[in-house]
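In: sequence and predicted model, in that order:
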Amino acid sequence: MIRPYVSQDAERIIHIWRKASEFAHPFLSDDFHDMAAIAIRDIYLPKAETYVTEINGVAVGFISLLDNYIGGLFLDPQYHGRGLGRALVDHAVKQKGPLTVEVFKENPRGRRFYTAYGFVPTEEYFHEQAQHISIKMAMKP
């Protein structure tokens, strides 16, 4: 089930984000994760349009949108490979139309997911805060 985020989800969403980010981004420092967790809770979740996916009433993943940009798509790693990420992106596309996203170059799982969905790279840049290369991707028209 996919439903809109409510403020009571914040701690669970941060937990999912941290677990999934450490899984997908082992190259990022603990300091970066600590700083990003605070920013997600205090800045991004209040501003973003976020949808939560649940299994048996428990949040296991989410997608956060800023207009048509995917600011975050994260699933508890134990729920990877079940089509939940694709369902969240499908839901977002129905809401917003073609989407854009950024993914770290060192995240092959994320790049494969978005490429399989139909996203193509449009630009690479050095992400100053993370100190790693990020790839901007957009859905094929």
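Out: Sure, I can see it.
In: show me what the longest helix seen in the chain is packed up against.
Out: If each helix of the chain is counted by residues according to DSSP state H, the longest one is helix 10-24. Other helices and strands packing on helix 10-24, by 3 or more C-beta pairs under 8 Å, 6 or more residues apart in numbering; DSSP states H and E, are helix 30-39, strand 58-66, strand 69-75. For glycine as for every other residue, the C-beta is placed from the backbone atoms N, C-alpha and C.
In: can you give me the buried ones in the next helix or strand after the longest one?
Out: Spelled out, it's helix 30-39. Going down the chain from helix 30-39, the next helix or strand is helix 45-47, by DSSP states H and E. Of all the residues in helix 45-47, those buried under the rule 16 or more other C-beta atoms under 10 Å are Leu45.
In: then stretch 73-93?
Out: 73-76, 79-80, 84-85, 87-89, 91-92.
In: which one of those is nearest to Pro4?
Out: His91 (10.4 Å; C-beta to C-beta).
In: how big is the angle separating the helix or strand hosting that closest one from strand 58-66?
Out: For His91, the enclosing helix or strand under DSSP H and E is helix 84-96. Between helix 84-96 and strand 58-66, the angle comes out at 40 degrees (axes from the mean of the first three to the mean of the last three C-alpha atoms, to 10 degrees).
In: mind checking the pLDDT average for helix 84-96?
Out: Taken as a whole, helix 84-96 has a mean pLDDT of 96.
In: which neighbouring elements make contact with that helix?
Out: Taking 3+ C-beta pairs under 8 Å, 6+ apart as the contact cut, helix 84-96 packs with strand 2-4, strand 49-55, strand 58-66, strand 69-75, helix 108-117.
In: residues contacting the helix or strand just after it, please?
Out: Scanning forward in sequence from helix 84-96 by DSSP H and E, the next helix or strand is strand 100-104. Residues from elsewhere that reach strand 100-104 (C-beta atoms under 8 Å, 6 or more residues apart in numbering): 25, 27, 68-70, 73, 110-111, 114, 119, 122, 127, 130, 132-139.
In: good, wrapping up.
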